[in-house]
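> Any chance you could fold what I've pasted below:
(one chain, ligands or ions: 1)
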Amino acid sequence: MKVAPVILWLRRDLRVADQAALLAAVDSGRPVIPVYVLDDEGARHRRLGGASRWWLYHSLAALEAALQQRGSRLILRRGRAEVALASLMIETRAHAIHALHHVEPWWQNAERAVLRGGLNLCLHHGNYLAPPGSVRSGSGTPYRIYTPFWRALRAQMPPALPRPAPDVIPAPTRWPASETLDSWGLLPTAPDWAGGMAAEWTPGEAGAQQRLADFLDHARVYAETRNLPSQSGTSRLSPHLAFGEISPATLWHATQDLGGSTDTFLSELAWRDYAANIIHQIPDYGSRPAKPDFESLPWRDDPEGLAAWQGGRTGYPIVDAGMRELWVSGWMHNRVRMIAASFLIKHLLIDWRAGERWFWDTLLDADYAQNAVNWQWSAGSGVDANLFVRIMAPLVQSEKFDAGAYIRRWVPELAGLGDDQIHDPDPLTRRRCGYPMPIVGHREGRERALAAWAAMKAKD
Ligand code: FAD
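Just a heads-up that it's a prediction; the model follows:
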């Protein structure tokens with residue numbers, strides 16, 4: 001008698017190592033049919049950004065190769081996940097679907113729809129250090145502030161040791177039909193803006209392992225260098241984590257031996273879990289301020305200011321370097337993300353949601369939870385303790401974190417400037433270099449932001 005297969009539903013968990021759903025599928029003793037459903041159309045979903053689509057293409061290609069090495073394949077389907085999975089279940093007479101849990105509201109909805117359709121969906125954990133929603137206070141409430149969250153998460157650690165990829169994945173006797181990756185139009189064509197990304201990144205599990213190995217070479221100085229954009233002090237694992245090409249448990253165990261940097265690194269990794277924990281409680285965190293009075297903050301409608309910020313032409317070298325790094329390479333250093341976000345929200349007084357959307361479209365590591373939580377943190381509109389009135393001074397930040405070399409790299413018209421000019425060139429130097437004057441003065445922007453905040457508070 002033929003044994004009914006199981007389906008492995010892959011989403012942002014594109015790996016074969018330490019993949020709990022894959023291991024459960026293999027352990028079931030049945031043939032396994034791995035499937036990726038491209039489901040990001042329609043009102044329920046947030047459409048993947050352009051940078052993410054580029055990464056997804058390459059990540060799926062790498063995953064397919066890894067599956068083939070193990071005697072398996074990757075089936076590609078498009079459309080609503082619950083519909084695609086239901087028809088695959090019928091076509092293959094599958095017994096069950098195995099998948100990892102995801103916290104994004106559209107994936108939560110899709111999971112509910114699959115279950116409502118009567119399909120046998122078995123969900124597993126493994127994309128976070130601890131299952132989102134499971135870290136709770138003594139009284140059973142989930143945390144909203146990072147520090148107590150991290151303390152409680154830490155008490156539950158370490159996570160289980162990562163499990164290796166299976167050597168062989170049992171194949172069905174007949175494979176169902178698959179679409180082709182190239183037919184999905186995930187790659188940019190006219191123009192192909194992805195050259196800078198291809199030069200910097202290797203999507204896929206092997207690329208993630210290589211990044212980790214490179215990071216471990218200098219990770220002992222992570223605590224001292226992580227805030228310095230001119231140095232490669234951080235792991236740059238974020239796009240790999242965003243697509244689930246490496247498990248957080250793998251990182252936890254790989255970074256136990258970094259001296260003082262171990263704690264610093266793990267506390268940053270825990271921000272990822274914290275963000276998922278917030279989305280688990282407040283699914284629309286990416287589109288609505290958690291502090292409702294922020295809906296009445298008099299944001300400016302300033303398309304030109306927004307375009308200057310997006311294009312790296314604000315006249316603030318540190319902000320422009322970051323925005324150009326993002327556009328070319330699909331990534332931006334965390335310290336500079338904070339400065340650039342604060343600049344948009346406070347100095348330009350543009351609604352944080354415009355920035356969140358731009359990052360969503362252009363970041364290779366675009367992650368709904370991390371992006372929303374960080375933007376609301378920057379705006380002071382979130383559930384955390386950060387305040388709108390804490391306004392970052394970009395020029396002070398640029399000097400303090402020694403961003404000279406970083407600016408020279410990403411704003412080439414300023415490459416010849418010395419340390420005395422690089423953070424804030426004088427008007428004559430700006431003209432000579434063809435670099436714009438500041439779009440708004442620091443004091444003027446700051447006072448305007450504080451006045452807007454006071455106006456919002458007066459309406460309370
Ligand atoms: P490392 O310093 O090596 O840290 C390791 C991992 O820890 C990261 O890969 C990431 O998964 C996690 N981490 C580190 N810092 C943070 C943080 N502040 N919040 C959440 N997780 C963190 N990160 C994303 O992955 N996707 C996003 O869409 C995203 N949007 C952001 C928007 C803004 C406005 C800001 C200020 C930050 C945002 N971040 C986002 C967080 C952070 O900037 C990146 O995770 C980090 O720069 C990634 O680089 P890395 O892998 O070298 O980090």
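
> Could you tell me how far the helix or strand that contains residue 428 lies from the centre of the chain?
Element membership for residue 428, per DSSP states H and E: helix 427-433. Here helix 427-433 is found 37 Å from its chain centre; the criterion is CA atoms, centre = their mean, to the nearest Å.

> buried set for that helix?
430, 433 (16 or more other CB atoms under 10 Å). From N, CA and C alone the C-beta is placed, and that goes for glycine too.

> helix or strand right after that helix?
Next in sequence after helix 427-433, counting helices and strands by DSSP H and E, comes helix 442-458.

> Now that next one: average pLDDT?
The predicted model gives helix 442-458 an average pLDDT of 96.

> Just the C-alpha atoms of it, please, in PDB.
Output of helix 442-458 as PDB, limited to C-alpha atoms (Å, rounded to 0.1, in the frame of the first residue of the first chain):
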ATOM      1  CA  HIS A 442      19.000  71.300  13.400                       C
ATOM      2  CA  ARG A 443      17.600  73.900  15.900                       C
ATOM      3  CA  GLU A 444      14.800  74.800  13.500                       C
ATOM      4  CA  GLY A 445      13.800  71.200  13.000                       C
ATOM      5  CA  ARG A 446      14.000  70.400  16.700                       C
ATOM      6  CA  GLU A 447      11.900  73.400  17.700                       C
ATOM      7  CA  ARG A 448       9.300  72.600  15.100                       C
ATOM      8  CA  ALA A 449       9.100  69.000  16.300                       C
ATOM      9  CA  LEU A 450       8.700  70.100  19.900                       C
ATOM     10  CA  ALA A 451       6.000  72.500  19.000                       C
ATOM     11  CA  ALA A 452       4.100  69.800  17.100                       C
ATOM     12  CA  TRP A 453       4.400  67.500  20.100                       C
ATOM     13  CA  ALA A 454       3.100  70.300  22.400                       C
ATOM     14  CA  ALA A 455       0.200  70.800  20.000                       C
ATOM     15  CA  MET A 456      -0.600  67.100  20.200                       C
ATOM     16  CA  LYS A 457      -0.500  67.100  24.000                       C
ATOM     17  CA  ALA A 458      -2.700  70.200  24.200                       C
END
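
> Show me what it is in contact with.
Helix 442-458 has contacts (CB atoms under 8 Å, 6 or more residues apart in numbering) with 293-294, 296-299, 345-349, 388-389, 391, 393-395, 440.

> so how far is it off the chain centroid?
Distance, centroid of helix 442-458 to centroid of chain: 30 Å (CA atoms, centre = their mean).

> Ok, stretch 307-315 next?
22 Å.

> Buried residues in it, which are they?
308, 309, 310, 312, 313, 314, 315.

> Which of those residues fall within helices?
Among the buried residues of stretch 307-315, the members found in helices (DSSP state H) are 308, 309, 310.

> can you pull out the helices in the stretch 1-150 of the chain?
20-27, 50-69, 81-92, 105-116, 146-156 (DSSP state H, counting those that start in this stretch).

> Which one of the ones in helices among the buried residues of stretch 307-315 is nearest to residue 220?
residue 309 (35.9 Å; CB to CB).

> do you know how far the nearest residue to the closest one once chain neighbours are set aside is from the ligand?
Nearest non-adjacent residue to residue 309, counting by CB to CB, 6 or more residues apart in numbering: residue 344, 5.3 Å away. In this view, residue 344 and the ligand are 9 Å apart by CB to the nearest ligand atom, to the nearest Å.

> Quick check: residue 344 touching residue 353?
No. With contact defined as CB atoms under 8 Å, residue 344 does not count as touching residue 353 (10.5 Å).

> Comparing these two, which residue is more hemmed in?
residue 344 (27 against 19; other CB atoms under 10 Å).

> what sits against the more buried one?
So residue 344 contacts 306, 309, 350, 352, 354, 355 (CB under 8 Å, 6+ apart).

> Narrow the residues you listed to those in helices?
Residues of these located in helices (DSSP H): 306, 309, 352, 354, 355.

> Just name the closest of those residues to the ligand, please.
residue 355 (6.9 Å; CB to the nearest ligand atom).

> Can you give me the neighbour number for the closest one?
By the criterion of other CB under 10 Å, residue 355 has 26 neighbours.

> residue ranges of the helices in the stretch 201-350 of the chain, please?
Taking DSSP H, counting those that start in this stretch as the test, the helices found in the stretch 201-350 of the chain are 205-218, 222-225, 238-242, 248-254, 261-281, 303-311, 317-329, 334-342.

> out of these, nearest to residue 56?
Here helix 238-242 is closest among the helices of the stretch 201-350 of the chain (CB to CB), at 10.3 Å.

> in the stretch 1-150 of the chain, which segments are predicted with low confidence?
Scanning the stretch 1-150 of the chain for pLDDT under 70 picks out 1.

> In JSON lines: the ones in helices among the contacts of residue 344, plus distance to residue 326.
Below are the ones in helices among the contacts of residue 344 laid out as JSON lines (distance: CB to CB, whole Å):
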{"residue": "306", "distance to residue 326": "14"}
{"residue": "309", "distance to residue 326": "11"}
{"residue": "352", "distance to residue 326": "16"}
{"residue": "354", "distance to residue 326": "15"}
{"residue": "355", "distance to residue 326": "11"}
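
> Need those in TSV (columns: pLDDT and distance to the ligand).
Formatted as TSV, the ones in helices among the contacts of residue 344 follow (pLDDT from 0 to 100; distance: CB to the nearest ligand atom, whole Å):
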residue	pLDDT	distance to the ligand
306	98	15
309	98	12
352	98	8
354	98	12
355	98	7
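
> Name the nearest of the residues you listed relative to residue 142.
residue 352 (23.3 Å).

> What count of nearby residues applies to the closest one?
That count, for residue 352 with other CB under 10 Å as the rule, works out to 25.

> Please name the nearest non-neighbouring residue to it.
Using CB to CB, 6+ apart, the nearest residue to residue 352 is residue 379, at 4.0 Å.

> The stretch 151-300 of the chain against the ligand: which residues are in contact?
226, 234-238, 241-242, 268-269, 271-272, 275 (CB under 6 Å from any ligand atom).

> Pull out the buried residues from those residues.
By 16+ other CB under 10 Å, those give 226, 234, 235, 236, 237, 238, 241, 242, 269, 271, 272, 275 as buried.

> Tell me if I'm right that residue 356 and residue 378 touch.
No. Contact status for residue 356 versus residue 378: not in contact, 9.5 Å apart, counting by CB under 8 Å.

> number of nearby residues for residue 192?
Neighbour count for residue 192, taken as other CB under 10 Å: 10.

> Perfect, that will be all.
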